[in-house]
Each structure stands twice: as structure tokens, then as C-alpha cells.
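Participant: Would you be able to build a 3D model of this:
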Amino acid sequence: MSKYRVVLTGATGGIGQALAKALAPHAQSMILLGRQAQALEKLAGELSGSCQVAIVCGDLLSQQTHQQLQAKVTDLGGVNLLIHNAGVSDFDAFENQDPAIIKQLLDVNLLTPLLLTQALLPSLKRESGAQIINIGSTFAYIGFPGFAAYCASKFGLRGFTQALRRELSGTGIVVRIFSPRATQTDINDQRVVAMNQALKTAVDTPAAVAQAFMQFLPKTTFEARMGFAENFFAILNQLLPGIPDGAIAGQVKTIRQFFRKKDAS
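Facilitator: As a prediction, this is how the structure comes out:
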């Protein structure tokens, strides 16, 4: 496939912008989705010299947004690469998390990719060698304290990826998952940044993530995880979960120090 016709969600985030800029020279067209109109327009302007660019600004769970997207897909000649990158996170003790935040995590990180994929499947089926790539996380493989709801959403996304890949076998559509490790983006607040420093967690730049993604894109592997140590730990977690249990138990005291402080009142 020489030229990609891309639909990219979460286009204005740190990883989203880096992916868009890396993909643009290899794209025939790109539809950028997000909720920040100004940022979308700015990014579209930066990419317009490389490929055709359109933007869709709105709630990705909205039927109206889906209709706008499908119209743009038709206008630009179809889609052969759907990238689900939109994501939100929240770090806290699960018992203290606002239920509205838990719902938002599941809506954005899991329900949105499901429904948007369903809406675009007819268009993808018309293409030869179309791909759906879900942006996962190390936490799609490793349950980590303070990220219970986030892990649930990413584990779910990985399960969806595997099941749909098998369901669409023989249709010409490939469903894959690419999982970065900790990355320097606004998805993490200062508490998470400080915790990563305390735990000596390796952190990548969005540009490094985009570079690794572009290496993954033309391959035939169904999944990729960034970071040798993270990849090893994920495999260990599947085969011998007691070992990661023990390792993480040794970090819990430090992790809890960065939870939000409960209001004494």
C-alpha cells in the first residue's frame, strides 16, 4: 500500500500530533479528529503541504460526529488506515475516584474505538489491505496500582483488538495494537510525573513513539510494545504473574504517596 488514507483520533494530543506529522509524508489524505477546533486547524495547516487534510471536531461518541466523519471519508476517497489514538487517564486510589471520571475513561478509551470502528467497517471493507490500529499501553498488559480504571479500559481495548482481528480474518482488514510505555504528554499530571521519577520509570517522547509506530506500521505483526523491560515484564505477567505481583507490591508504598489527598472535611 503506497499511500495511506488515514483517520486519526486524538490528533491534537502529544502522541497524536507526532503520529500525524510522521504519517503525513506517506499519506494521500488524513482526517484528524479531536475536540479542540483551534488545535485541529493549526495541525491541519502544518500538514496541508504533504497530503489532503480534513478535520472533524466533536464528541467521538456522537452519531452526528460519526456522520460528519463518514461524509469526509467519502469526500477524500475512502479510508484504509484507522488509528484509534484518543485517550484519557486518571491516577488515584480506585475507591476515591469520581464515578464520572471512571465512566469517561471507559467511554473514551474503549467505547469510542468500538463504535467508531463499527461505523467505518463498511468503508474499510472496500479497501485492499486496510488496517485498524489501536493505540494501547503497557497497562493493557500489566495491572498497576492507581490506574485500575485506566487498565480496565486498555485491557478491554486489547481484548477487542484480538477478537475483532480473528472475526475479520479473511476479509482483508487487519486489526492490530501498538502499545507505548510512559510518554511525556499532558495525559499525565504532575503527580504521575513525580511518581515516574521516584520509581525511575523510563519515559519516551512523543516523537520516539511516532518513530516506533512508523517502524511497526509496514510489518505483519499483530502487536508491539515499546521498551525491552516493559515487554519482558508484560510477558512475565502473563506467564508467571506472581513475580510481577511481588515486584509491584514493593512499590505500592511509594505509589500511594502520589494519590490525591482526601479532603479531611
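
Participant: what are the ranges of the helices in the stretch 1-150 of the chain?
Facilitator: 14-23, 37-47, 63-75, 99-106, 112-125, 148-167 (DSSP state H, counting those that start in this stretch).

Participant: Could you give me the buried positions within the fifth one?
Facilitator: Of the residues in helix 112-125, 112, 113, 115, 116, 117, 119, 120, 121, 123, 124 count as buried by neighbour count, 16 or more other CB atoms under 10 Å. C-betas here are computed from N, CA, C, even on glycine.

Participant: And the fourth one, by the same measure?
Facilitator: Buried positions in helix 99-106, judged by neighbour count with 16+ other CB under 10 Å: 102, 105, 106.

Participant: avg pLDDT for that helix?
Facilitator: Averaging pLDDT along helix 99-106 gives 98.

Participant: likewise the third one?
Facilitator: What helix 63-75 shows for mean pLDDT is 95.

Participant: Just want the angle from that helix to helix 112-125.
Facilitator: Helix 63-75 and helix 112-125 are oriented at 30 degrees to each other (axes from the mean of the first three to the mean of the last three CA atoms, to 10 degrees).

Participant: Extract the C-alpha set from helix 63-75 and format it as CSV.
Facilitator: Coordinates of the C-alpha atoms in helix 63-75 are reproduced here as CSV (Å, rounded to 0.1, in the frame of the first residue of the first chain):
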residue,chain,number,x,y,z
GLN,A,63,-23.9,10.0,16.0
GLN,A,64,-23.6,13.5,14.4
THR,A,65,-19.8,13.3,14.6
HIS,A,66,-19.9,9.8,13.0
GLN,A,67,-22.0,11.2,10.2
GLN,A,68,-19.6,14.1,9.7
LEU,A,69,-16.7,11.7,9.6
GLN,A,70,-18.3,9.3,7.1
ALA,A,71,-19.0,12.3,4.8
LYS,A,72,-15.3,13.3,5.0
VAL,A,73,-14.2,9.8,4.3
THR,A,74,-16.4,9.7,1.2
ASP,A,75,-15.1,13.1,0.1
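
Participant: Packing partners of that helix?
Facilitator: The elements that helix 63-75 packs onto, with contact taken as 3 or more CB pairs under 8 Å, 6 or more residues apart in numbering; DSSP states H and E, are strand 27-34, strand 52-57, helix 112-125.

Participant: And that helix, what's buried?
Facilitator: Using 16+ other CB under 10 Å, the residues of helix 63-75 that count as buried are 65, 66, 68, 69, 70, 72, 73.

Participant: Straight-line length of stretch 95-114, end to end?
Facilitator: Chord length of stretch 95-114, first to last residue, is 27 Å (CA to CA, to the nearest Å).

Participant: show me where pLDDT drops low in the protein?
Facilitator: Applying pLDDT under 70 to the chain flags the ranges 1-2, 263-265.

Participant: same thing but at 50, please
Facilitator: Within the chain, the segments meeting pLDDT under 50 span 1, 264-265.

Participant: got a markdown table for the buried residues of helix 112-125, with distance to residue 257 too?
Facilitator: Supplementary listing: the buried residues of helix 112-125 in a markdown table, determined by distance: CB to CB, whole Å:
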| residue | distance to residue 257 |
| --- | --- |
| 112 | 33 |
| 113 | 33 |
| 115 | 38 |
| 116 | 38 |
| 117 | 39 |
| 119 | 43 |
| 120 | 43 |
| 121 | 45 |
| 123 | 48 |
| 124 | 46 |
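
Participant: what about residue 177, helix or strand, and which?
Facilitator: Of the helices and strands defined by DSSP states H and E, residue 177 is found in strand 174-179.

Participant: Once you drop chain neighbours, what's closest to residue 72?
Facilitator: residue 54 (4.7 Å; CB to CB, 6 or more residues apart in numbering).

Participant: Around the one you found, how many other residues sit close by?
Facilitator: Residues near residue 54, counting by other CB atoms under 10 Å, number 19.

Participant: Equivalent analysis for residue 161, please.
Facilitator: 24.
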